[in-house]
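A.B. asks: Turn this into a structure:
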Amino acid sequence: MIRPPGARAGWRIAVVALALSAPPTHAQGGVDTLHVLMIGNSLTSTEGIPDLIATMAERAGEVRPRMTVRAFPDFSLADHWQDGRARAALRASRPDVVVLQQGPSTLPASGRDLRMWVARWAEAARVGGGHPVLYAVWAPEGADLDAGIRHHAEAATATNAGLYPVSTAWRLAWTEQPRPALSGADRFHPGPDGAWLTALVIVAMLYDRPVDDFPNLRPRSIPPAEEAILRRAAAAAIASAGRR
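C.D. replies: Residues are numbered from 1 along each chain as shown. Reported below is the predicted structural model:
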């Protein structure tokens, strides 16, 4: 695995990229820790996805990662850039991984917008030694999910950013019968099961570990048969992104 220029000392994490590998984690006080900055909107913050990621990592035996979240309702990556708070957090905290989340980006124009703003944020992340990763979200019912998946993959490739293929995991889970209820009441934002699937994809890729290493933190809402569906979907989506 090629180490990007300026990567910090420490053990390797595997944020799976289409073209780049991940930097090692940042060591503090002799203990390897991981600092993740998540920039997005309610598709990042709903159902406590960042805390789910941290808790799943900890329960799997990892040092609990430090999660910094800048996620505001209806914000795009352009809104975050103009607002300035996420950029301030990026400069001040020097995260190891910068997770970028835009909307579904299913239309040609929104796909071009996604690529432009991921490029800008990826450059800013690398200035501080961080590794940019695009969190690909699903589309609401009736929208072109496949176009959104394609636009996220193209944006990651064009900007040499990593890719968390959460939208692919959702699509694969939805092909199963009975179809898992991943979204909440509005049929777009994640419900408890969708949030767990999202966190599972991200945490498994952050630590380059099999999805089965990470616990089900939603046992009351996710019965064993559905959990098996979600784990298969997460593993297949990660494989589709190029993880070895």
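
A.B. asks: Quick check, central residue of this protein?
C.D. replies: residue 135 (3.8 Å; Cα atoms, centre = their mean).

A.B. asks: and that one, backbone torsions?
C.D. replies: When read as degrees, to the nearest 10, the backbone of residue 135 gives phi -90, psi 110.

A.B. asks: Next: residue 129.
C.D. replies: With angles defined as degrees, to the nearest 10, residue 129 sits at phi 90, psi 10.

A.B. asks: pretty sure it contacts residue 91?
C.D. replies: No: with contact defined as Cβ atoms under 8 Å, residue 129 does not reach residue 91; the gap is 11.6 Å. Heads up, the C-betas are built off the backbone N, CA and C, glycines and all.

A.B. asks: ok, the two, which is more surrounded?
C.D. replies: residue 129 (16 against 11; other Cβ atoms under 10 Å).

A.B. asks: And the more buried one, how far from residue 226?
C.D. replies: Distance, residue 129 to residue 226, by Cβ to Cβ, to the nearest Å: 40 Å.

A.B. asks: Could I get the buried residue list for stretch 220-236?
C.D. replies: For stretch 220-236, the neighbour count (16 or more other Cβ atoms under 10 Å) marks 222, 226, 227, 229, 230, 231, 233, 234, 235 as buried.

A.B. asks: Double-check the fifth one against residue 172; I have them as touching.
C.D. replies: No: with contacts defined as Cβ under 8 Å, residue 230 does not count as touching residue 172, sitting 9.5 Å away.

A.B. asks: which ones are touching the residue nearest to the centre of the chain?
C.D. replies: Going by Cβ atoms under 8 Å, 6 or more residues apart in numbering, residue 135 touches 38, 40, 44, 99, 100, 101, 164, 166, 202.

A.B. asks: name the element the third one belongs to?
C.D. replies: Spelled out, it's residue 44. Residue 44 is part of helix 42-45 when elements are defined by DSSP states H and E.

A.B. asks: what kind of secondary structure is residue 88 in?
C.D. replies: helix (DSSP: H, G, I helix; E, B strand; the rest coil).
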